[in-house]
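A.B. asks: Need coordinates for the below:
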Amino acid sequence: MIIILKGLEEINHIKGNNFGWLFGGKHYDFFATILGFGDAYYHQVAEILPLEKGMSVLDLGCGTESVGIAISRHFGRDVEIHGVDLSDNQLGYAAIKGLRLDTSLNLYKGSMDLLPFSNGSFDLVVTSVAFCETTSDVRRGAIKEVSRVLKNKGFFAIVDCAKPILGLDTVMMLPFFMFKETAESWNNHYPDICRENNLILEKEVYIKSYVKCQLFRKAD
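C.D. replies: Take a look at the predicted model:
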């Protein structure tokens, strides 16, 4: 199921990367795998998340929904997966992957700072290497929206490029990493921005030498 929000075509170009035909869909998955963001990476992301059966999960900037599919491999249909993205190509291919892998996905074409969900709808919200594809205003708006749609004591995981720790893959990926870096991630501003929105940092861990997962929890 893909739900398209009204008026989105007017804001695509200023909200984030729309991933056209050449870089979207199956091509995106191909290039992502070459860059080290293949099945093994998404399996690592799913393992880090505090998942439980019966959870409702939202993936911001879901792309081809590799995160949701990795989560489903752990829990099957015992976890409800929702994904939001700007790109027709990404969402279309996500739907194809979901059908091919018998994974139930609820997909929405929209911007992560304008979420079409009621307050307290989700147990967990995650974004994986998607914040780096948006503007600072969108990232801050998305964090505010996350606080709104999360249940009390719900979790928010930001997985994104970060100031690197020493590692061979940092050197190999330096061109990609420098292109995707943002001030919020490089200077570790997310804990302060999240705290302003009632989201408290619980732990952080590097998945790669230049990709960090920061896990926040919504306070009562």
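A.B. asks: for this structure, what's the longest strand?
C.D. replies: Secondary structure of the chain per DSSP state E: the longest strand is strand 150-161.
A.B. asks: For this protein, just list every one of the strands.
C.D. replies: 2-4, 56-60, 80-85, 105-109, 122-128, 150-161, 199-208, 211-218.
A.B. asks: Buried residues, the longest strand of the chain. List them.
C.D. replies: Residues 150, 154, 155, 156, 157, 158, 159, 160, 161 are the ones in strand 150-161 that count as buried (16 or more other CB atoms under 10 Å). (Glycine included, C-beta is placed from N, CA and C.)
A.B. asks: Show me the residue at the heart of the chain, geometrically.
C.D. replies: For the chain, the residue sitting closest to the mean C-alpha position, by CA atoms, centre = their mean, is residue 127 at 1.9 Å.
A.B. asks: and the gap between the residue lying closest to it once chain neighbours are set aside and residue 107?
C.D. replies: Once flanking residues are discounted, residue 127 sits nearest to residue 60: 4.0 Å by CB to CB, 6 or more residues apart in numbering. Separation of residue 60 from residue 107 (CB to CB, to the nearest Å): 12 Å.
A.B. asks: Show me the common contact partners of the two, please.
C.D. replies: Here residue 60 and residue 107 have residue 84 as joint contacts, going by CB atoms under 8 Å, 6 or more residues apart in numbering.
A.B. asks: More neighbours: those two, which one.
C.D. replies: Here residue 60 and residue 107 are compared on neighbour count by other CB atoms under 10 Å; more neighbours surround residue 60, at 28 against 24.
A.B. asks: need the contact list for the more buried one.
C.D. replies: Neighbouring residues of residue 60 by CB under 8 Å, 6+ apart: 84, 112, 125, 126, 127, 130, 142, 146.
A.B. asks: repeat that with 6 Å
C.D. replies: Counting by CB atoms under 6 Å, 6 or more residues apart in numbering, residue 60 touches 84, 112, 127.
A.B. asks: Tell me where this protein has helices.
C.D. replies: 12-15, 26-34, 39-48, 66-75, 88-100, 136-149, 168-172, 174-180, 183-186, 190-196 (DSSP state H).
A.B. asks: Those helices: which one's closest to residue 56?
C.D. replies: helix 136-149 (9.9 Å; CB to CB).
A.B. asks: Okay, buried residues for that closest one please.
C.D. replies: Per 16+ other CB under 10 Å, helix 136-149 contains these buried residues: 138, 139, 140, 141, 142, 143, 144, 145, 146, 147, 148, 149.
A.B. asks: any idea how far the closest residue to the third one other than its chain neighbours is from residue 184?
C.D. replies: Across the structure, with CB to CB, 6+ apart as the measure, the residue nearest residue 140 apart from its sequence neighbours is residue 193 (6.1 Å). Shown here: residue 193 relative to residue 184, a distance of 7 Å by CB to CB.
A.B. asks: Show me which of the two is the more surrounded one.
C.D. replies: Between residue 193 and residue 184, counted using other CB under 10 Å, residue 184 has the larger neighbour count: 20 against 16.
A.B. asks: And that one, what's its pLDDT?
C.D. replies: Note on residue 184: pLDDT of 81.
A.B. asks: and what of residue 199?
C.D. replies: On the pLDDT scale, residue 199 gets 98.
A.B. asks: Please give me every residue in contact with it.
C.D. replies: If you count contacts by CB under 6 Å, 6+ apart, residue 199 has them with 147, 156, 216, 218.
A.B. asks: Which single one of the residues you listed is nearest to residue 72?
C.D. replies: Among those, and counting by CB to CB, the member closest to residue 72 is residue 156, at 19.8 Å.
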